[in-house]
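> Structure for this input, please:
(chains A and B)
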Amino acid sequence: MTTPARYEPRMVEPKWQAAWEAAGLFAARRDPSRPKYYVLEMFPYPSGRIHMGHVRNYTMGDVIARHRRALGYSVLHPMGWDAFGLPAENAAMERGGHPKDWTYDNIADMRAQLKPLGFSIDWSREFATCDPEYYGQQQALFLDFLEKGLVYRKSAVVNWDPVEMTVLANEQVVDGRGWRSGVPVERRELPQWAFRISDYAEELLAALDRLDRWPEKVRTMQANWIGKSRGLQLGFSTVDAPDGFERIEVYTTRPDTLRGASFIAISPDHPLARHLERHDPAVAGFVAECRRLGTSEAAIETAEKRGIDTGLRARHPFDQGWELPVWIANFILMEYGTGAIFGCPAHDQRDLDFARRYGLPVIPTFEALEAPEPVGDVAFVPAKSDRVRWLRGFGWPEVATGDTAIEAAIDFCESRGVGRGVTKYRLRDWGISRQRYWGCPIPVVHCPDCGVVPVPRAALPVLLPDDVAFDVPGNPLERHPTWKHVACPRCAGPARRETDTMDTFVDSSWYFARFTSPRAPAPTDADEVGYWMNVDQYIGGVEHAILHLLYSRFFARAMHICGHLPATAVEPFDALFTQGMVTHEIYLTRDARGLPVYHLPEEVEAAEGGVRLKATGAAVEVIPSAKMSKSKKNVVDPADIVARFGADTARWFMLSDSPPERDVEWTAAGAEAAHRHLARLWRLAAEAAAADDPGDAAEDAALARALHRTIRDVTQGIEGFGFNKAVAALYAFANVLQRTGAGAGARRGAIAMLARLMAPMTPHLAEELWEMAGGEGLCAAGTWPVADPVLLAEETVTLPIQINGKRRGEITLARDLAPEAVEAAVLADAAVQRALAGAAPKKLIVVPGRIVNVVV
RNA sequence: GCCCGAGUGGCGGAACGGUAGACGCAGGGGACUCAAAAUCCUCCGCCGCAAGGCGUGUCGGUUCGAAUCCGACCUCGGGCACCA
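Sure, this is the predicted structure:
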């Protein structure tokens, strides 16, 4: 025997990785004779270091990929890089250098950290979205979308930093101020390119029902995001308003409260507000202040509700003598509905807060059936399905539900010519223009004579220029001396390139399709997408539940319209799994001013009476686990873990303990325990390999039964995304294996099967076990074990006995005893006899094979 | 503010509406050792000597039976359209 005397992952892991590579096991091959399986984890942003979240994400995908391969599928499991985006430009500004170098260096670093983890990835398909080969095809897609009318120009608001003269991302706006300049941001309108996703709102909503292998919560979030609503759109005629503003169009989902209206409120971005702004300094001041909130909906909605009375009045549609004041309010969004509402303070908390602040009337339109109370500081907002008594209805029964009243109100208004019933969606068109360098150039030219002219396809890709500088603010493409100056493709006259680049969500909206033919001279290859699509299992963080996944669903439809995807692929992800984060405790001490100073986990140690700094012995505060983040220093570098324990330990620990959809806490003790367990298995295998004891038949049979239960449980665990349960079953089997009196041959047979069961999770160790147990060839090329039903059958069953729902004893009976016989046996039980004290039971519930409950 | 989740021993968690705490960590006790490491055995929800009682974020409800279903609330997390 030449095997080393103990488990040495540093030596064996590279060996097996080389063996897999030499055997070409992970190259995805289009093989129509076999079923295919496409497993995809959301591709990483190349920040430069992989983190434990990546390890968890890609380990889960690898378990699925290796399991499916063992089941005989032709598996596609690719990897790439979501490589455009802000951080590269921020790095260039802060540290100098070029976004391109920063990005490709990071990719090289991360690839080097990822490969030692032993993932069964087809690396030949790797690409980065910043490769001209990729973004050039994306530009071709853009031109296709343009031809089909799926892209258009519109005006949209952005965060404008008046000092940096730059558009800021929402992330770069902190408390309404630019993160670098510190000055209040402004909302500013710019012409932008947008995709017509809102045309597909109904389709994207309806199709959610068919995504039955997506988490319910994700479908709910998407449905709410699309936000289909039924309501009334009506015009309020104005009194003495400026020309062109004779009517204010209002959208409401509660037309039943129309007779409780107390004011009209319009958005600060409403055309009327913009008009008044030019003539009224007070309005101008208020509107300017609103624009300092930036564009983030969260910021707008959490800001204090404020408004200004325009002095204009609007007539109530049911009573021309009833005039409502017109206010501009900071919480009305121009993007939703018509950008104007009527306020009914009695039945909307936000309207009520506003009315109380500004002394506006509160007019209830309905009240509770029982114990009605006047509205104080809490609006009366029952569920629409609740029945209420109407005080100011118009034509429906006095007692009715909100739902009934809404439909009746729409009918009534339509019959009187006051507005019309409409269906609206909250979903807005997808603005993709970014005033930044490090993104995919939008392939159009602006010609003073011809207007917007697409770049000819032969001229694609429109390459980003390399000679750019980031030492001055603004878009480097805009400032570049020559790049934007081109001849118009149509008239050959002087024209200007579009200097906006695309939102990086565009890049990630079709990468899954590109993986099927990453070097094709078109966005996709019909044979390849036909074979590989759809993604059978998609895995990623729940933070992408709405935007990325919704955009991808739209993109798949648009690509289908342009002939790049088959009709069967308009829903590109058959199954979705959203995994939890990796968390860690946070360690901190305080500086002289009491501000926190964070410390890396390796800088602290547990000591008497708490945690201390290794260097100084200072006491350390421990904060409960939170998502690993560099700023809090609660990070563990996967490369360190691999160097210390090996990849299999990192993989095993990431799968154990926590269910995959929940957060998992990284602990040093847990990682060490995982490593100890793997070393124990290695030892058991080495012992079995060297032994030749005959054992005995009963022990051999007991081991076989335990093995087959394990096969069943691990298979169920993997197929049901219960990796932690599969791990628990494998721990339990290791305990059996350790204590068994079975013979060496039986033990080797069991270890060979154990190797196959562990191969998806700890593939390197599995090869070791497989080899020591005398297995032929590579374990990674093997087939998945099948549990023998005969060995799973149990002969007896132990039933707990409850008396009045409390457990009071148990009884062991033959497995398939008739219910009457079970009842008789239960009634004869001593504990039951005692509880009954001679009386007959009121009720006897027998759940076969489960439990018995005696009600006395 | 709005939408979506999650809360079970000291800790991570397990449990088709049917024995709450599988499996692991930490901890206690023991074996081996000159000693230590490693390894192995064993105990381990809380209160109680015991009988027994109490326990799944809080408060109610449905049920023979609730961690699980329903309602209200609390806390923590994710998303809110230019972070990815």
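> in the stretch 351-500 of chain A, which spans are strands?
A:366-367, A:387-390, A:399-401, A:420-424, A:430-431, A:433-434, A:444-447, A:451-454, A:485-487, A:494-497 (DSSP state E, counting those that start in this stretch).
> Just say which of those strands is most tucked in.
Greatest average neighbour count among the strands of the stretch 351-500 of chain A goes to strand A:433-434 (a mean of 24), per mean count of other CB atoms under 10 Å. Using the backbone N, CA and C atoms, a C-beta is placed for each residue, glycine as well.
> what packs against it?
strand A:186-195, strand A:501-502 (3 or more CB pairs under 8 Å, 6 or more residues apart in numbering; DSSP states H and E).
> Reformat those as a markdown table; add distance to residue A:251.
Shown next, in a markdown table, are the helices and strands packed on strand A:433-434 (distance: least, CB to CB, whole Å):
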| stretch | distance to residue A:251 |
| --- | --- |
| strand A:186-195 | 21 |
| strand A:501-502 | 31 |
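> Ranking the ones you listed by mean neighbour count, which comes first?
strand A:501-502 (a mean of 24).
> Figure out which of the strands of the stretch 351-500 of chain A is closest to residue A:246.
strand A:420-424 (18.2 Å; CB to CB).
> Adjacent strands (with direction) for the closest one?
Sheet pairing of strand A:420-424 (DSSP bridges) gives strand A:229-239 (antiparallel).
> quick one: the strand it pairs with near RNA strand B?
No. Using CB under 7 Å from any atom of the strand, strand A:229-239 stays clear of RNA strand B, coming no nearer than 11.9 Å.
> and after that strand, which helix or strand comes next?
Counting by DSSP states H and E, the next helix or strand C-terminal to strand A:229-239 is strand A:247-252.
> can you tell me if that following strand touches RNA strand B.
No. Using CB under 7 Å from any atom of the strand, strand A:247-252 never reaches RNA strand B; the gap is at least 14.2 Å.
> Stretch A:809-827 now?
Yes. Using CB under 7 Å from any atom of the strand, we find that stretch A:809-827 touches RNA strand B at residue A:810.
> Check the residue in the stretch 501-650 of chain A that RNA strand B sits nearest to and give its pLDDT.
For the stretch 501-650 of chain A and RNA strand B, the shortest gap (CB to the nearest atom of the strand) falls at residue A:543, measuring 3.7 Å. Per-residue pLDDT puts residue A:543 at 88.
> Equivalent analysis for residue A:4, please.
So residue A:4 comes in at 55 (pLDDT).
> that older thread, I'd like the strands of the stretch 351-500 of chain A as JSON lines, with distance to residue A:630 appended.
Shown next, in JSON lines, are those (distance: least, CB to CB, whole Å):
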{"stretch": "strand A:366-367", "distance to residue A:630": "54"}
{"stretch": "strand A:387-390", "distance to residue A:630": "53"}
{"stretch": "strand A:399-401", "distance to residue A:630": "53"}
{"stretch": "strand A:420-424", "distance to residue A:630": "42"}
{"stretch": "strand A:430-431", "distance to residue A:630": "30"}
{"stretch": "strand A:433-434", "distance to residue A:630": "25"}
{"stretch": "strand A:444-447", "distance to residue A:630": "39"}
{"stretch": "strand A:451-454", "distance to residue A:630": "42"}
{"stretch": "strand A:485-487", "distance to residue A:630": "41"}
{"stretch": "strand A:494-497", "distance to residue A:630": "37"}
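> Including mean pLDDT and distance to RNA strand B, could those go into CSV?
Listed next are the strands of the stretch 351-500 of chain A as CSV, based on pLDDT from 0 to 100; distance: least, CB to the nearest atom of the strand, whole Å:
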stretch, mean pLDDT, distance to RNA strand B
strand A:366-367, 90, 19
strand A:387-390, 88, 16
strand A:399-401, 88, 16
strand A:420-424, 94, 11
strand A:430-431, 96, 5
strand A:433-434, 96, 5
strand A:444-447, 97, 16
strand A:451-454, 96, 18
strand A:485-487, 96, 23
strand A:494-497, 96, 17
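> wait, which of the ones you listed is closest to residue A:675?
strand A:433-434 (45.4 Å).
> Listing partners with orientation, what would you give for the closest one?
strand A:501-502 (antiparallel).
> Worst mean pLDDT among the helices and strands packed on strand A:433-434?
strand A:186-195 (a mean of 93).
> Pull out the buried residues from the next helix or strand after that one.
Using DSSP H and E, the helix or strand that follows strand A:186-195 in sequence is helix A:201-206. Neighbour counts over helix A:201-206 (16 or more other CB atoms under 10 Å) mark A:201, A:204-205 as buried.
> I would like the residues contacting helix A:201-206, please.
The contact list for helix A:201-206 (CB atoms under 8 Å, 6 or more residues apart in numbering) reads A:197, A:222-223, A:226, A:228, A:425, A:427, A:550, A:553-554, A:557.
> Quick check: next helix or strand after it?
Heading C-terminal from helix A:201-206 (DSSP H and E), you reach helix A:216-226.
> helices and strands around that following helix, which ones?
Against helix A:216-226 (3+ CB pairs under 8 Å, 6+ apart) you get helix A:201-206, helix A:547-561.
> just the CA coordinates of the shortest one, formatted as PDB?
Yep, that's helix A:201-206 we're talking about. Output of helix A:201-206 as PDB, limited to C-alpha atoms (Å, rounded to 0.1, in the frame of the first residue of the first chain):
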ATOM      1  CA  ALA A 201     -46.900  43.200 -17.700                       C
ATOM      2  CA  GLU A 202     -49.900  41.000 -18.100                       C
ATOM      3  CA  GLU A 203     -48.000  38.200 -19.800                       C
ATOM      4  CA  LEU A 204     -45.200  38.200 -17.100                       C
ATOM      5  CA  LEU A 205     -47.900  38.200 -14.400                       C
ATOM      6  CA  ALA A 206     -50.000  35.400 -15.900                       C
END
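> just to revisit the earlier point, for residue A:401, which of the helices and strands packed on helix A:216-226 is the nearest?
Here helix A:201-206 is closest among those (CB to CB), at 23.9 Å.
> can you tell if that closest one touches RNA strand B?
No. Helix A:201-206 stays out of contact with RNA strand B when judged by CB under 7 Å from any atom of the strand, the minimum separation being 9.4 Å.
> quick one on the thing from earlier: for the residue of the stretch 501-650 of chain A closest to RNA strand B, grab the count of nearby residues.
Residue A:543 is flanked by 11 other residues according to other CB atoms under 10 Å.
> Check the secondary structure at it for me.
In three-state terms, and counting by DSSP: H, G, I helix; E, B strand; the rest coil, residue A:543 is helix.
> before we move on, the earlier item: what's the closest of the contacts of helix A:201-206 to residue A:148?
residue A:557 (11.0 Å).
> Quick check: buried residues in stretch A:30-44?
Those would be A:30, A:36-44, for stretch A:30-44 by 16+ other CB under 10 Å.
> Endpoint to endpoint, that stretch covers what distance?
Stretch A:30-44 has an end-to-end distance of 26 Å (criterion: CA to CA, to the nearest Å).
> RNA strand B contacts on the stretch 101-250 of chain A?
So far as CB under 7 Å from any atom of the strand goes, the stretch 101-250 of chain A lies against RNA strand B at A:158-159, A:167-172, A:190, A:192, A:216-217, A:220-221, A:224-225, A:227.
> Could you tell me which of those count as buried?
The neighbour-count test (16+ other CB under 10 Å) marks A:158-159, A:167-168, A:172, A:192, A:221, A:225 as buried among those.
> on that earlier part again, out of the helices and strands packed on helix A:216-226, deepest packed?
By mean count of other CB under 10 Å, the helices and strands packed on helix A:216-226 have helix A:547-561 as the most buried, with a mean of 21.
> Check which element follows that helix along the chain.
strand A:576-579.
> how near is the closest residue to residue A:615 other than its chain neighbours to residue A:595?
Nearest residue to residue A:615, sequence neighbours excluded (CB to CB, 6 or more residues apart in numbering): residue A:603, at 7.0 Å. Between residue A:603 and residue A:595 the computed distance is 18 Å (CB to CB, to the nearest Å).
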